[in-house]
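A.B. asks: Have a look at this fold, sequence not included:
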Ligand SMILES: Nc1ncnc2c1ncn2[C@@H]1O[C@H](COP(=O)(O)OP(=O)(O)OP(=O)(O)O)[C@@H](O)[C@H]1O
């Protein structure tokens, strides 16, 4: 870390932002957000490897364009080829006209002779302009749809992957980099088409040039190569810098979000997090700026070297043409045509070579998108799980001798754990922070598959079940819940089951969310956010009621509630716990809570400590016998007692 910090210092001018954390170790935080593996993978994707992969990538993008808008894709291809053909026709006509006009004879006769060609030139130019307008229109139509389709492909792949894939270190950076690839997918289609159009134009230019003199075309190709090579190298430097800074740029994005958005606005002010984070933002930004500036400088030098080499090579081509004329190898009339053909062909060759170079550059980013898809597909649930479906709602959910270790973790989060819960039963899971309760609930729901051991719903293991079908039988109110800027009804149902008033209101009744309905402008159809016009924001506890309503509305055979009343007031908490028994009539309930007095409602209590089951029994048994449960419970009792005696 120390050596890294000496390689890249914050840029001068940012030192005036010193804050209490401005120490040597704090200055190193920019190095926390780096993932070298991404950079190493990018470094392996050399220009030649990329060039080999390009045809497949272009084909993939074209296929996607075809799927999202056949008309526009076909239209664009036709326009680009048409533009190329018209350019070629125009070029042939111009070359013929120049040759006719420069040749000897009566000028009126020469003009008459050239007239049909001039008409062709005018018509070709007009049609090209029309095609150009069509290309702009079709591109504008296709680009956003194609980018959205690439994004959706990523989202579907991410949703289809095992939950465990999300927990892998670097996964989010991978996603971010791939997202950039999704945005430039339309460029790949554009650039491929431009290369196609330039190739069509060049065919005519090349024919003319080769007829005039066979050496001209190879010379022309040589003249364009140095610039294209420089372009690719410069683009690669920028690409590698983007990979290298991806973690830090993502952190900048997060900081921006937290500093400006409503959800963290209180802590930004009252905890003085604003100045602290702004200072950190400046330092990180300075480090990213430095990396990007270095890449830009290197790219500019490479571009300059390419331009000089290209200029020298172009001068050589023109010198060769002059020499051909001066030495009598080419007459003046042919020379006139050659000048025009050379200019047009130079444009086409540049179009092809630079277009090819741009294709390679875009290919790197799109390859990142493809890599993400391959990776997500490699961890797809369809690959790791079976396709069995349940004939009805399961009766029994069982964890058998399960061990679980998160990817990248040094030790198991659960070891040799067994637990069983039947419909009609409430099982409470308790234990200190980090003891493995949430992890065990994820395994019981089939969200994670065990590292060893098995989780069975009736007689089928979660590894054998088709997950999306299985989850129709599970409802989860997680500890970290999701609330979306949707209406209350949508936040509860997520578009599933009976979305009618009666069913939704019954779930509201069970969760205690009914109380808050009179305060909502449009009842169930109130938009729950203050970020959009007309929306209404809920309090923390009100949101927790919504999350519980969501779980109750699903009427699933398995109901898992992780800290379901942490944000609720005493009345609301009482409402939930007194209603649990009636909910458990046709459900198996797993309840995770730190409020140990509440677990009296459970039929059985399972106590976890450091990933192992250390106690199991009823409330009456566990409050009597010595052990972890009784000591935690006694502490809570004592705290409550002390508080009431002070009062
Ligand atoms: N996504 C994850 N990736 C890696 N490790 C994790 C992840 N989630 C949890 N862990 C680790 O697994 C262990 C158990 O965590 P878990 O969240 O299951 O505990 P818990 O008992 O629910 O804690 P709490 O009472 O604080 O909610 C902890 O050591 C934690 O660091």
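C.D. replies: Perfect, I can see it now. No experiment lies behind these values; they were computed from the predicted model shown.
A.B. asks: what about residue 363, how many residues close to it?
C.D. replies: By other Cβ atoms under 10 Å, the residues close to residue 363 number 29. Where you see a C-beta, it was placed from the backbone N, CA and C, and this is true even at glycine.
A.B. asks: Doesn't it lie inside a helix?
C.D. replies: Yes: per DSSP: H, G, I helix; E, B strand; the rest coil, residue 363 lies within a helix segment.
A.B. asks: Let me see the contact set for it.
C.D. replies: 50, 53-54, 57, 188 (Cβ atoms under 8 Å, 6 or more residues apart in numbering).
A.B. asks: Please indicate which of the residues you listed has the highest neighbour count?
C.D. replies: Counting neighbours by other Cβ under 10 Å, residue 188 leads the contacts of residue 363 with 27 neighbours.
A.B. asks: Let me know whether it touches residue 59 as I believe.
C.D. replies: No: counting by Cβ atoms under 8 Å, residue 188 does not reach residue 59; the two are 10.1 Å apart.
A.B. asks: At the contact with the ligand, which residues of this protein appear?
C.D. replies: 167, 406, 409, 413, 431, 433-439, 479 (Cβ under 6 Å from any ligand atom).
A.B. asks: which one of the contacts of residue 363 is nearest residue 77?
C.D. replies: Using Cβ to Cβ, residue 188 comes nearest to residue 77 of the contacts of residue 363, at 14.0 Å.
A.B. asks: Let me know the distance separating that closest one from the ligand.
C.D. replies: 35 Å (Cβ to the nearest ligand atom, to the nearest Å).
A.B. asks: Validate this expectation: that residue resides in a helix.
C.D. replies: Yes: counting by three-state DSSP, residue 188 is found in a helix.
A.B. asks: what's the closest non-adjacent residue to it?
C.D. replies: residue 61 (4.5 Å; Cβ to Cβ, 6 or more residues apart in numbering).
A.B. asks: Name the SS class of the residue of the stretch 451-600 of the chain found nearest the ligand, please.
C.D. replies: The stretch 451-600 of the chain approaches the ligand most closely through residue 479 (5.7 Å), counting by Cβ to the nearest ligand atom. Classification of residue 479 using three-state DSSP returns coil.
A.B. asks: Neighbours of it, how many?
C.D. replies: Residues near residue 479, counting by other Cβ under 10 Å, number 13.
A.B. asks: and the residues of the chain next to the ligand, which of them are in helices?
C.D. replies: 437-439 (DSSP state H).
A.B. asks: what stretches of this structure score poorly on pLDDT?
C.D. replies: Applying pLDDT under 70 to the chain flags the ranges 1-31, 103-104, 204-205, 208, 212, 337, 640-647.
A.B. asks: residues contacting whichever residue of the stretch 101-250 of the chain sits closest to the ligand?
C.D. replies: Of all residues in the stretch 101-250 of the chain, residue 167 sits closest to the ligand, at 4.0 Å by Cβ to the nearest ligand atom. Applying Cβ under 8 Å, 6+ apart, we find residue 167 in contact with 406-408.
A.B. asks: hey, where'd the strands end up in the stretch 51-200 of the chain?
C.D. replies: In the stretch 51-200 of the chain, no segments count as strands under DSSP state E, counting those that start in this stretch.
A.B. asks: The stretch 251-400 of the chain too?
C.D. replies: 396-404.
A.B. asks: Could you check how far the residue of it found nearest the ligand is from residue 441?
C.D. replies: The nearest approach of the stretch 251-400 of the chain to the ligand comes at residue 399, 13.3 Å away (Cβ to the nearest ligand atom). Distance from residue 399 to residue 441, counting by Cβ to Cβ, to the nearest Å: 10 Å.
A.B. asks: try residue 311
C.D. replies: On the measure of Cβ to Cβ, residue 311 and residue 441 end up 68 Å apart.
A.B. asks: can you check residue 108 too?
C.D. replies: 95 Å.
A.B. asks: What of residue 310?
C.D. replies: 64 Å.
A.B. asks: So for the helix or strand where residue 468 lies, what gets flagged as buried?
C.D. replies: Following DSSP states H and E, one finds residue 468 within helix 467-470. Neighbour-count burial for helix 467-470, counted by 16 or more other Cβ atoms under 10 Å, picks out 467, 470.
A.B. asks: what's in contact with it?
C.D. replies: 381, 385, 389-390, 446, 457, 462.
A.B. asks: Taking those residues, please make a ChimeraX selection of just the buried ones.
C.D. replies: Filtering the contacts of helix 467-470 down to the buried ones (16+ other Cβ under 10 Å) takes a single ChimeraX command:
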select :381,385,390,446,457,462
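A.B. asks: neighbouring contacts of the helix or strand where residue 39 lies?
C.D. replies: Assessed by DSSP H and E, residue 39 sits inside helix 36-44. Residues from elsewhere that reach helix 36-44 (Cβ under 8 Å, 6+ apart): 170, 173-174, 177, 239-240, 243-244, 246, 364, 368, 371.
A.B. asks: now swap in stretch 70-89 and tell me
C.D. replies: Here stretch 70-89 makes contact (Cβ under 8 Å, 6+ apart) with 62, 65-66, 120, 124, 127-128, 131-132, 134-135, 138-139, 141-142, 189, 193-194, 196-201, 203-205, 344, 348.
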